[in-house]
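K.L.:
here you go, sequence then predicted model.
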Amino acid sequence: MEQQWSRRVFMMAAAGAAALARAAPAGAQAAKPMPGQGSLTRVPGIKVGHYTDTRRPTGCTVILAEGGAVAGVDVRGAAPGTRETDLLRPGNLVEQVHAVLLSGGSAFGLDAAGGVMRYLEQQGIGFDAGVARVPIVPAAVLFDLGVGDASVRPDAEAGYQACKAASAEPVPEGNVGAGAGATVGKLYGAARAMKGGLGSAALMAGGVTVGALVAVNAVGDVVDPQTGRVLAGARTADGRALLDTRAAVLGGELPRAMRPGSATTIGVVATDAVLTKAQAGKVAQLAHDGLARAINPIHTMLDGDTIFALGTGASRKPGNPMLLGVLAAEAMAIAVQRAILSARAIAGYPAAVDFAG
């Protein structure tokens, strides 16, 4: 029988996880204030929309650049699920993309990109191929099939609905879109993991804006880069406290075997600076430093970590890869923390807020 994740189920799950946390004073810690401000939509020319499935925790998130954006990508994880990434290499024909899709559902979730293409085609947006306008929609997916009914995953209609929901308003965060079924701290098994989520942030310097958006679904723990304190991740065997995966591995507590590709953190950074494709690729590469600051371990054989970079050129200022790289890494690290602190518990997966004092 297909599992239905109604509002009542979500409320019961959240209440159960909160009760678990209240019974676990050993895991409690002082609440961390939400870091950063702004979101990816602070970058002119960018809209964001979510589709969140009500049947189980999963969904997709679309980043629209309807006027076109120069794009690059950097794939660091060893188990990626991606679409149209080869197109973004410098020297290849197409210079601009019109959207980026982030989705749950593992490789099945790549279907959602078809719905994004349908929406953009209806708006007359796409690469002019003479006989048709072909929307260019790179995509990346994360593995969330272990949460609820694995037969429920984002499809083309989900991508289409995400586009219809897209706006330049501040991005909703937490258990939404591609972050709906995200979990973290899985190196010691799902029974000891916690809820991940989706977060966004933006920074300004030198007359340009850089925004980041990320769906955090990592094998590793999420940490506060300033203090090294674990915010969410693997729990102790009794579930009552945070383990600290890094310390546990260094102490000789070897992790259990996991299925390859059962995690993955995916995201986008965007700027209003003018970029070349090579520069966009470099900014995407540098943005991974933000993941490394906030997730430990990261870029494992079990993750397919992928970051896209977009340049809308709306500021008309030439891109300085050094400045943009610093901003991109910092915004990404903040977005990771916001994803975790905005997340709320689901059945079997408590959230960071449940362990806050």
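P.N.:
Arrived safely.
K.L.:
which parts of the stretch 1-150 of the chain are strands?
P.N.:
47-52, 59-75, 82-83, 96-103, 127-128, 133-134, 139-141 (DSSP state E, counting those that start in this stretch).
K.L.:
out of those strands, deepest packed?
P.N.:
strand 139-141 (a mean of 31; mean count of other Cβ atoms under 10 Å). For every residue, glycine as well, the C-beta is placed using N, CA and C.
K.L.:
centre of the chain to it, how far?
P.N.:
10 Å (Cα atoms, centre = their mean, to the nearest Å).
K.L.:
Provide the strand pairings for that strand, with the direction of each partner.
P.N.:
strand 82-83 (antiparallel), strand 96-103 (parallel) (DSSP bridges).
K.L.:
mean pLDDT and distance to Ala150 for those - can I get that in CSV?
P.N.:
Below are the strands paired with strand 139-141 laid out as CSV (pLDDT from 0 to 100; distance: least, Cβ to Cβ, whole Å):
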stretch, mean pLDDT, distance to Ala150
strand 82-83, 97, 20
strand 96-103, 98, 14
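K.L.:
could you list the low-pLDDT ranges of the protein?
P.N.:
Along the chain, segments meeting pLDDT under 70 span 1-31, 257, 260-261, 357.
K.L.:
in JSON lines, list the strands of the stretch 1-150 of the chain along with distance to Ala218.
P.N.:
Shown next, in JSON lines, are those (distance: least, Cβ to Cβ, whole Å):
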{"stretch": "strand 47-52", "distance to Ala218": "20"}
{"stretch": "strand 59-75", "distance to Ala218": "15"}
{"stretch": "strand 82-83", "distance to Ala218": "17"}
{"stretch": "strand 96-103", "distance to Ala218": "14"}
{"stretch": "strand 127-128", "distance to Ala218": "34"}
{"stretch": "strand 133-134", "distance to Ala218": "34"}
{"stretch": "strand 139-141", "distance to Ala218": "14"}
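K.L.:
could you dump the strands paired with strand 139-141 into TSV and include distance to Pro318?
P.N.:
TSV is the format used below for the strands paired with strand 139-141 (distance: least, Cβ to Cβ, whole Å):
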stretch	distance to Pro318
strand 82-83	29
strand 96-103	17
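K.L.:
figure out how far the lengthiest helix in the chain is from the centre of its chain.
P.N.:
Counting by DSSP state H, the longest helix found in the chain is helix 321-342. Mean-position distance between helix 321-342 and its chain equals 12 Å (Cα atoms, centre = their mean).
K.L.:
where do the helices of this protein begin and end?
P.N.:
7-22, 112-122, 156-164, 245-250, 277-294, 321-342.
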